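Visitor: show me how the following folds:
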Amino acid sequence: MASTFEVSRMNQPKIIDSNIIRGRGGSLGMSSRDTSEDKPSTILSRFMSLIPPANERKKLIPLAMMFFCILFNYTVLRDTKDVLLLTAPKSGAEVIPFIKTYCNLPAAISFAAIYAALCDRMEQRNVFYACVIPFLIFFSAFALIIYPNNHILHPHIFVDNLANSLPQGFYAPLAIVRNWSFAIFYVLAEMWGAVVTSLLFWGFANEVTTIEEAKKYYPLFGLGANVALIFSGQYVRWVSRMRDNLAPGIDAWEVSLNYLMGAVVASGGVLLATYTWMLRNVLPKNEEKSLKGKPEQKKRGMSPKESIRFLSSSKYIRDLATVVVSFGMCINLVEVSWKSKIKQAFPDPSDYSAFMGNFSSTLGTVTLFMMVIGRLVLQNFGWRTAALVTPTMIGVTGLTFFVINALSEKLGVVTSALGTTPLMLAVIAGAVQNILSKSSKYSLFDPCKEMAFIPLDQESRTKGKAAIDVVGNPVGKSGGALIQQILIFSVGSLASATPYLAAILGMIVFFWIKAANRLATQFEDKM
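Guide: Below is the predicted model:
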């Protein structure tokens with residue numbers, strides 16, 4: 001999943017309070033203030049001091065609006081892509097490992113090359129339009145043209161004939177070919193988070209805000225992101241329930257898809273309009289020039305080969321990359337098995353979509369709470385403890401989920417006492433696992449990861465982040481997917497692979513914790 005709390009600045013100086021390193025007070029990336037001199041004397045003055053001055057409000061409110069629109073779309077697209085692909089004809093959760101490896105990873109690498117070319121040939125302000133508008137065009141065309149004609153566009157007869165001559169283990173890759181337009185939607189929905197959120201928004205935010213403004217207000221963007229999760233989750237749920245009022249014979253999911261993609265396009269329009277307004281009314285002349293890019297700054301990233309070479313040259317960056325890759329692998333191993341259970345429990349696309357809408361809203365609510373807890377953990381216990389929370393959370397909850405899956409047939413008495421079924425117990429356990437894992441990621445893992453770049457020199461910081469963005473995130477997701485592919489071919493299904501997935505998860509978490517401890521020691525030494 002794209003990160004909703006990218007708080008790093010590529011050329012940011014060391015701004016971490018030294019007390020936060022080993023957990024002796026301080027604040028999250030912000031130098032402490034002398035409260036004995038600046039403490040407001042009245043409640044009113046204290047309240048007024050929290051309100052940003054007019055010149056800051058002029059940029060912060062539009063940035064918050066942009067971030068809300070981006071995260072609203074991200075949540076809607078994330079929930080919709082799973083419904084489309086997992087409930088498609090002769091498809092299922094076993095398709096996800098294959099599409100992440102053979103579709104998402106090549107698409108991410110291809111986009112890196114395209115983005116570098118766009119930066120070389122266009123003004124940086126226009127790169128934003130060139131990246132966002134094609135997404136909106138495709139999602140609009142998908143709802144209006146592609147999906148209503150998918151029965152014509154999808155080669156079901158050809159794939160059926162091909163499947164008869166291949167082993168059963170090939171049904172997942174063949175499902176991608178069979179439902180190719182849904183697969184394209186899945187890939188572009190995944191890329192929206194990485195491209196528009198992590199790359200475009202935070203790149204633009206870093207251009208228009210000062211370091212002092214970033215220290216004060218970037219954490220609030222994380223809170224705003226979770227408000228977007230809650231709002232968009234409820235919108236997805238509302239749209240999914242519209243079928244109750246539709247006349248018989250109408251494709252309820254097609255109607256829902258039109259409303260969902262209509263909201264995505266409308267939100268994208270607000271995003272572009274707000275961005276245009278900021279270019280015209282907020283950006284100072286010197287910052288406007290920086291957006292156009294200086295000749296020596298036009299190359300924004302590194303090629304995959306350069307990224308791998310840089311990752312291997314620095315122990316600090318290698319450990320940081322190990323942490324990022326481990327997260328991607330672990331979350332993928334558990335999430336795919338959970339989604340296979342969701343499909344069994346909710347085979348109807350509208351029911352699946354409604355469940356995911358409630359899931360997204362709950363995730364946003366829990367993450368809001370976890371962000372408060374995360375700040376306290378960083379302030380009182382330090383970077384090392386904060387960095388170890390996420391692998392511990394994923395390890396404990398992930399192994400619990402796999403145990404419930406493996407023992408589902410023996411839990412009949414327990415589920416009967418709870419008034420549910422073994423399948424729904426697995427779905428609920430997976431939802432709890434996913435919510436706790438992702439909320440700890442957003443509130444602790446992402447801030448720790450971004451803070452880890454700050455002690456580096458400018459070249460290492462820039463190249464290290466580029467290397468991890470190009471290699472670390474895709475390799476993590478694809479690595480977990482590749483493990484699942486091997487197990488599917490070996491034992492036949494994800495359900496049969498549950499014991500092996502649990503063992504592999506435990507092993508990855510073990511190496512993740514070791515890498516996090518090594519990184520914490522190096523981080524403390526550098527600070």
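Visitor: list the buried residues in stretch 339-346.
Guide: By 16 or more other Cβ atoms under 10 Å, the buried positions in stretch 339-346 come out as 339-343, 346. Quick note: C-beta positions are derived from backbone N, CA and C, even for glycine.
Visitor: could you do stretch 413-427 as well?
Guide: Neighbour count says stretch 413-427 has 415, 422, 425-427 buried, by 16+ other Cβ under 10 Å.
Visitor: just stretch 256-270 next, same as before
Guide: Going by neighbour count (16+ other Cβ under 10 Å), the buried part of stretch 256-270 is 256-261, 263-265, 267-268.
Visitor: tell me which of those residues fall in helices.
Guide: With DSSP state H as the criterion, helices contain 256-261, 263-265, 267-268 from among the buried residues of stretch 256-270.
Visitor: which one of these sits closest to Ser91?
Guide: Leu257 (16.5 Å; Cβ to Cβ).
Visitor: doesn't Ile146 make contact with the closest one?
Guide: No: with contacts counted by Cβ atoms under 8 Å, Leu257 stays clear of Ile146, the gap being 10.2 Å.
Visitor: does Leu378 touch Leu444 like I think?
Guide: Yes: counting by Cβ under 8 Å, Leu378 does reach Leu444; the two are 7.5 Å apart.
Visitor: okay, and the common contacts of these two?
Guide: Contact criterion Cβ atoms under 8 Å, 6 or more residues apart in numbering; residues shared by Leu378 and Leu444: Ala386.
Visitor: ok so, going back, turn the buried residues of stretch 339-346 into a markdown table, columns for secondary structure and distance to Ser493.
Guide: Formatted as a markdown table, the buried residues of stretch 339-346 follow (DSSP: H, G, I helix; E, B strand; the rest coil; distance: Cβ to Cβ, whole Å):
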| residue | secondary structure | distance to Ser493 |
| --- | --- | --- |
| Lys339 | helix | 14 |
| Ser340 | helix | 9 |
| Lys341 | helix | 12 |
| Ile342 | helix | 16 |
| Lys343 | helix | 13 |
| Phe346 | coil | 19 |
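Visitor: from these, which two are the most distant?
Guide: Ser340 and Phe346 (11.7 Å).
Visitor: in the stretch 351-500 of the chain, where is pLDDT below threshold?
Guide: 458-459, 461-467, 469-471 (pLDDT under 70).
Visitor: now do the residue nearest to Pro422 when sequence neighbours are not counted against Ala426, distance only.
Guide: Distances taken as Cβ to Cβ, 6 or more residues apart in numbering place Ser408 nearest to Pro422, at 4.0 Å, with adjacent residues excluded. Remark: distance between Ser408 and Ala426 (Cβ to Cβ, to the nearest Å) = 6 Å.
Visitor: likewise for Gly269?
Guide: Going from Gly269 to Ala426 by Cβ to Cβ gives 40 Å.
Visitor: and if you look at Trp338?
Guide: 8 Å.
Visitor: go on, Leu71?
Guide: Counting by Cβ to Cβ, the gap from Leu71 to Ala426 is 29 Å.
Visitor: please apply the same query to Trp512.
Guide: From Trp512 over to Ala426 (counting by Cβ to Cβ), the distance is 25 Å.
Visitor: again, but for Phe68
Guide: Applying Cβ to Cβ to Phe68 and Ala426 gives a distance of 34 Å.
Visitor: ok, Asn332 - how many residues close by?
Guide: 22 (other Cβ atoms under 10 Å).
Visitor: now do it against Val270, distance only.
Guide: According to Cβ to Cβ, Asn332 stands 32 Å off from Val270.
Visitor: Ile504 too?
Guide: Distance, Ile504 to Val270, using Cβ to Cβ: 43 Å.
Visitor: before we move on, back to that, and the residue nearest to Pro422, what does it touch?
Guide: The contact partners of Ser408, taken as Cβ under 8 Å, 6+ apart, are 422-423, 425-426.
Visitor: let me know the closest of the residues you listed to Tyr352.
Guide: Tyr352 has its nearest neighbour among the contacts of Ser408 in Leu423, at 13.9 Å by Cβ to Cβ.
Visitor: which strands or helices does the helix ranked longest in the chain pack on?
Guide: Ranked by residue count, the top helix of the chain under DSSP H comes out as helix 349-406. Helix 349-406 sits against helix 54-86, helix 211-240, helix 252-281, helix 315-345, helix 422-440, helix 446-453, helix 498-526, with contacts defined as 3 or more Cβ pairs under 8 Å, 6 or more residues apart in numbering; DSSP states H and E.
Visitor: select, out of these, the one closest to Gln485.
Guide: Comparing those by Cβ to Cβ, helix 315-345 comes nearest, at 10.6 Å.
Visitor: now find how far off-centre the closest one is within its chain.
Guide: Taking the mean of its C-alpha atoms, helix 315-345 sits 11 Å from the chain's own mean (Cα atoms, centre = their mean, to the nearest Å).
Visitor: could you do stretch 169-178 as well?
Guide: On Cα atoms, centre = their mean, the centre of stretch 169-178 falls 26 Å from that of its chain.
Visitor: which residues does that stretch contact?
Guide: With contacts defined as Cβ under 8 Å, 6+ apart, stretch 169-178 is touched by 88-92, 94-95, 97-99, 102-103, 154-156, 159, 162-163, 166, 183, 485, 488-489, 492.
Visitor: recalculate using a threshold of 10 Å.
Guide: Residues outside stretch 169-178 that contact it (Cβ atoms under 10 Å, 6 or more residues apart in numbering) are 85-86, 88-99, 102-103, 154-156, 158-160, 162-163, 166, 182-184, 186, 484-485, 488-494.
Visitor: kindly format the C-alpha coordinates of the strand or helix carrying Ala417 as PDB.
Guide: Using DSSP states H and E, Ala417 sits in helix 412-418. Output of helix 412-418 as PDB, limited to C-alpha atoms (Å, rounded to 0.1, in the frame of the first residue of the first chain):
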ATOM      1  CA  GLY A 412     -16.800 -25.400  15.500                       C
ATOM      2  CA  VAL A 413     -17.600 -25.300  19.200                       C
ATOM      3  CA  VAL A 414     -16.000 -22.000  19.700                       C
ATOM      4  CA  THR A 415     -17.600 -20.300  16.700                       C
ATOM      5  CA  SER A 416     -21.000 -21.700  17.600                       C
ATOM      6  CA  ALA A 417     -20.600 -20.200  21.100                       C
ATOM      7  CA  LEU A 418     -19.700 -16.900  19.400                       C
END
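Visitor: helices and strands around that helix, which ones?
Guide: Counting contacts by 3 or more Cβ pairs under 10 Å, 6 or more residues apart in numbering; DSSP states H and E, helix 412-418 packs against helix 422-440.
Visitor: what's the overlap in contacts for Trp338 and Ala426?
Guide: Common neighbours of Trp338 and Ala426, counting by Cβ under 10 Å, 6+ apart, are 401, 405.
Visitor: which secondary structure state is assigned to Ala495?
Guide: What DSSP: H, G, I helix; E, B strand; the rest coil gives for Ala495 is coil.
Visitor: returning to that earlier point: what touches both of Leu257 and Ile146?
Guide: Overlap of the contact sets of Leu257 and Ile146 (by Cβ under 10 Å, 6+ apart) consists of 139, 185.
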